[in-house]
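Pasting a predicted model and its sequence here:
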Amino acid sequence: MRSNFAKYIALLALLSAPSAIAGPVRIDGPLRPAPGLRLTFTCEGLAKLKLPDATISSATEITSGSFTTPTPPAPATTFTGLPHYCRVVGMATPTHNSTIGFEVWLPTAGYNGNYEQVGNGGFAGQVNYGGLADGIKRGYATASTDDGHQGFQDPSFAKGPHDKVVDFGWRALKQTTDKAKAIIQAFYGAVPHYSYFFGCSDGGREAMMEAQRFPDDFDGILAGAPANNWTHQFTGLAWDVQAAYDHTTLAELLPPAAIAVLSAGVRAQCAGHDGGLPSDKFLTDPRMCAVDWSKIQCKPGDPPGTCLTAAQVAAVQKIYAGPSNPAGPIYPGYTPDAEDALLSGWQLWITGPSLLPPFPTFGLGAFFGEGFFANFVYKVPLYNLMNVDMTTGLADADTLAPDLNAEDPDLTPFRSHGGKLIQYAGWADPAVSPLDGIDYYEAVRAKLGVSYKDQQDFYRLFLAPGMGHCSGGPGANAFGNAPDKPPPVADAAHDIFRALTLWRETGVKPDQVIATKYTLDNPALGVAFQRPLCPYPQLPRYSGFGPANLAKNWQCSARIPKP
């Protein structure tokens, strides 16, 4: 059984419709292709394929319809319903310090002629098996890398040579792309018609890295909740811990009960005034929420547990404000929205207790922040986030920015290549601030000197109200972004990855994507409601007519809702 930790930091995989293609050449070996497809290379023969700075350790036919992930380091997971495919396992060694693991899965039934590379999550350390499985189910030759080290979510690799950080930051991506495309050509006898990249969180950072550093490698890129401002975001994780805990005793300032009071107070003041409904358990556009803290902070005589203390209000305001130093803001704060969401809100990520190893007392942000500063920045066994200074700590972290951050706003080469980029994030994300994604989107527009309309010709940003990090949360959070919650309809109107491929291959622009909220987030229990996700700067607004649980009764509008 997958842990919540693995669930929320593993990369979420994607959907697209397969279609058979015709290829040249001969079929050799026991695998049988789809009609019209011929293979130029046996699966086993790929083990002898010569690649620069890389070796293939195995190439194996998988015809059982299922795959169980190797252990350790991560818990075993079994994927079923897989087509027949060839599993290629390799290692790239572009430097003498590099050990870049990668896998390429090549479907031999229903191959659609295209390539998908899936990103990773957190500190990586293992290929994204869920993304590989989903990719071949939809007909894509699919590849993933462990980002250059072996040890699931173990950041200790960064204490080694700087080559390991470079591999993690960007080199493993490029090595995997080049090796995978060579393997695809050797196996099918043709290069992919179209190439796509999909990742969320660190995988979203990787997606942005591809668009900026390797603009010709992919025709379409889907970047979810991108942690592309890595060094500033991870400095912000230390800020959050310092806000949520007393500095000397590490006493918890914001226990779960306080988070519940906070969320209820925010919704009471803001829901229904931001384009959404008064009954919503989330906000449609949290930027429109101006919280009156006098209505939430305790006054003399207030019953315990019904309000926040002055210290708690100060902690919340600090987290909303985001980290800063005398030079100015470091990273945007989190927006007021669904802080109390089960398994996706502040308790899991910011305030704790997450009840998950290795830091059950703290949130996942503490795990990632401590792992970054201890291993990447200071190369020590442990580092107390309470000691991170927002000036010197940021400066120390920023020495790694050239290899970790993907903040270059000049997407001219990617646009000139004909590439299409879709970025998405949840307004209630407590790990990667959605405001940082907006900042990058605006920076690109300023750099290119274009209008929103012109920018949307190649790059669109969708913000999901009430969604947490990559998925989850009380809002409509299923739109092709999470394999455990597939859209109820497998088409480009409901699936953001299909929308990307349709846009790139036919020119049909995604003017909205319908997101689904399942009852208790369980597809088996049926649809609770649906709403459109709108391309920024538009937001969804209820038309006032018809059932509000139907997406057709909502409109994408750039108008500011009335108070």
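Yep, that arrived.

make it CA atoms for all contacts and neighbour counts henceforth
Noted.

how close does the closest residue to Gly473 other than its chain neighbours get to Trp349?
Distances taken as C-alpha to C-alpha, 6 or more residues apart in numbering put Met467 closest to Gly473, at 4.6 Å, once the chain neighbours are dropped. Plainly put, Met467 is 14 Å away from Trp349 if you go by C-alpha to C-alpha, to the nearest Å.

swap in Ala341?
Distance of Ala341 to Trp349, given as C-alpha to C-alpha: 11 Å.

And for Gln212?
Counting by C-alpha to C-alpha - Gln212 and Trp349 are separated by 29 Å.

Over to Asp146?
24 Å.

Show me the strands in the stretch 151-300 of the chain, by range?
Taking DSSP state E, counting those that start in this stretch as the test, the strands found in the stretch 151-300 of the chain are 195-200, 220-224.

Now render those strands as TSV, adding mean neighbour count.
Shown next, in TSV, are the strands of the stretch 151-300 of the chain (neighbours: other C-alpha atoms under 10 Å):
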stretch	mean neighbour count
strand 195-200	28
strand 220-224	29
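
Any chance of these in TSV with mean pLDDT as columns?
TSV is the format used below for the strands of the stretch 151-300 of the chain (pLDDT from 0 to 100):
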stretch	mean pLDDT
strand 195-200	98
strand 220-224	98
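
As TSV, those with distance to Pro510 would be great.
TSV is the format used below for those (distance: least, C-alpha to C-alpha, whole Å):
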stretch	distance to Pro510
strand 195-200	16
strand 220-224	13
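
Need the three-state assignment for the residue nearest to Gly473.
coil (DSSP: H, G, I helix; E, B strand; the rest coil).

now it: how far from Asp429?
Taking C-alpha to C-alpha as the measure, Met467 falls 6 Å from Asp429.

Name the nearest residue to the most centrally placed residue in the chain, ignoring sequence neighbours.
Note on the chain: the residue nearest the mean C-alpha position is Cys200, at 1.5 Å, using C-alpha atoms, centre = their mean. The shortest distance from Cys200 to any non-neighbouring residue, by C-alpha to C-alpha, 6+ apart, is to Gly224 (4.1 Å).

I'd assumed Gly204 was in contact with the one you found.
Yes: the pair Gly224 / Gly204 is scored as a contact, 4.9 Å apart, by C-alpha atoms under 8 Å.

Tell me what angle the helix of greatest length in the chain forms with strand 195-200.
Counting by DSSP state H, the longest helix found in the chain is helix 172-188. Inter-element angle recorded for helix 172-188 and strand 195-200: 140 degrees (by axes from the mean of the first three to the mean of the last three C-alpha atoms, to 10 degrees).

Show me what helix 172-188 is packed against.
When contacts are defined as 3 or more C-alpha pairs under 8 Å, 6 or more residues apart in numbering; DSSP states H and E, helix 172-188 packs onto strand 100-107, strand 141-145.

Look at the residue nearest to Phe102 when sequence neighbours are not counted and say how many residues are nearby.
Closest residue in space to Phe102, ignoring its immediate chain neighbours: Thr145 at 4.2 Å, by C-alpha to C-alpha, 6+ apart. The tally of other residues near Thr145 (other C-alpha atoms under 10 Å) stands at 31.

residue ranges with poor pLDDT in the stretch 301-450 of the chain?
358-359 (pLDDT under 70).

just the stretch 451-563 of the chain next, same as before
Judged by pLDDT under 70, the stretches of the stretch 451-563 of the chain that qualify are 559-563.

same thing but at 90, please
483-484, 557-563 (pLDDT under 90).

now the helices for it?
452-455, 496-506 (DSSP state H, counting those that start in this stretch).

what does the stretch 151-300 of the chain give?
Counting by DSSP H, counting those that start in this stretch, the helices of the stretch 151-300 of the chain are 162-166, 172-188, 202-213, 230-244, 256-270.

Which one of these lies nearest to Ala314?
helix 230-244 (8.3 Å; C-alpha to C-alpha).

now the angle between helix 202-213 and the closest one, please.
150 degrees.

higher neighbour count, Gln212 and Trp349?
Trp349 (27 against 19).

can you pull the contacts of that one?
With contact taken as C-alpha atoms under 8 Å, 6 or more residues apart in numbering, Trp349 is in contact with 363-366, 430-431.

can you do 10 Å?
8, 237, 240-241, 339, 343, 362-368, 429-431, 469 (C-alpha atoms under 10 Å, 6 or more residues apart in numbering).

From those, which land in helices?
Those of the contacts of Trp349 lying in helices (DSSP H): 8, 237, 240-241, 364-368.

In a markdown table: these, plus distance to Asp217 and neighbour count.
As requested, these are exported to a markdown table (distance: C-alpha to C-alpha, whole Å; neighbours: other C-alpha atoms under 10 Å):
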| residue | distance to Asp217 | neighbour count |
| --- | --- | --- |
| Tyr8 | 28 | 22 |
| Leu237 | 32 | 30 |
| Asp240 | 37 | 28 |
| Val241 | 39 | 26 |
| Leu364 | 33 | 29 |
| Gly365 | 32 | 26 |
| Ala366 | 35 | 25 |
| Phe367 | 33 | 17 |
| Phe368 | 30 | 20 |
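
Output these as CSV; include the columns distance to Phe41.
As requested, the ones in helices among the contacts of Trp349 are arranged in CSV below (distance: C-alpha to C-alpha, whole Å):
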residue, distance to Phe41
Tyr8, 38
Leu237, 48
Asp240, 53
Val241, 54
Leu364, 45
Gly365, 46
Ala366, 48
Phe367, 45
Phe368, 43
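
Where does the prediction get shaky in the stretch 51-200 of the chain?
Ranges of the stretch 51-200 of the chain meeting pLDDT under 90: 71-75, 109.

so what's Tyr85 bridging to?
Ile62, Pro107 (DSSP bridges).

any idea how far Ile514 lies from Gly371?
With C-alpha to C-alpha as the criterion, Ile514 and Gly371 are 37 Å apart.

Check Phe41 too.
Applying C-alpha to C-alpha to Phe41 and Gly371 gives a distance of 43 Å.

now Phe198
Taking C-alpha to C-alpha, one finds Phe198 at 25 Å from Gly371.

Spell out which residues sit in contact with the nearest residue to Asp429 once chain neighbours are set aside, please.
Distances taken as C-alpha to C-alpha, 6+ apart place Gly468 nearest to Asp429, at 4.0 Å, with adjacent residues excluded. Residues in contact with Gly468 (C-alpha under 10 Å, 6+ apart) are 8, 225, 337-339, 341-346, 425-432, 434, 474-475, 477.

And Ser98, by the same measure?
53, 91-92, 148-149, 161-168, 171-172.

ok, back up a step: can you pull the residues that touch both of Met467 and Trp349?
Joint contacts of Met467 and Trp349 (C-alpha under 10 Å, 6+ apart) are 429-430.

re earlier: right, and the strands of the stretch 151-300 of the chain - which one's nearest Asp292?
Nearest to Asp292, of all the strands of the stretch 151-300 of the chain, is strand 220-224, at 31.9 Å by C-alpha to C-alpha.

Can you give me the domain assignment for the chain?
196-228+405-563, 232-402 (automatic domain parsing).

sorry, back to before: overlap of the contact sets of Gly224 and Gly204?
Common neighbours of Gly224 and Gly204 (C-alpha under 10 Å, 6+ apart) are 11, 198, 423-425, 470.
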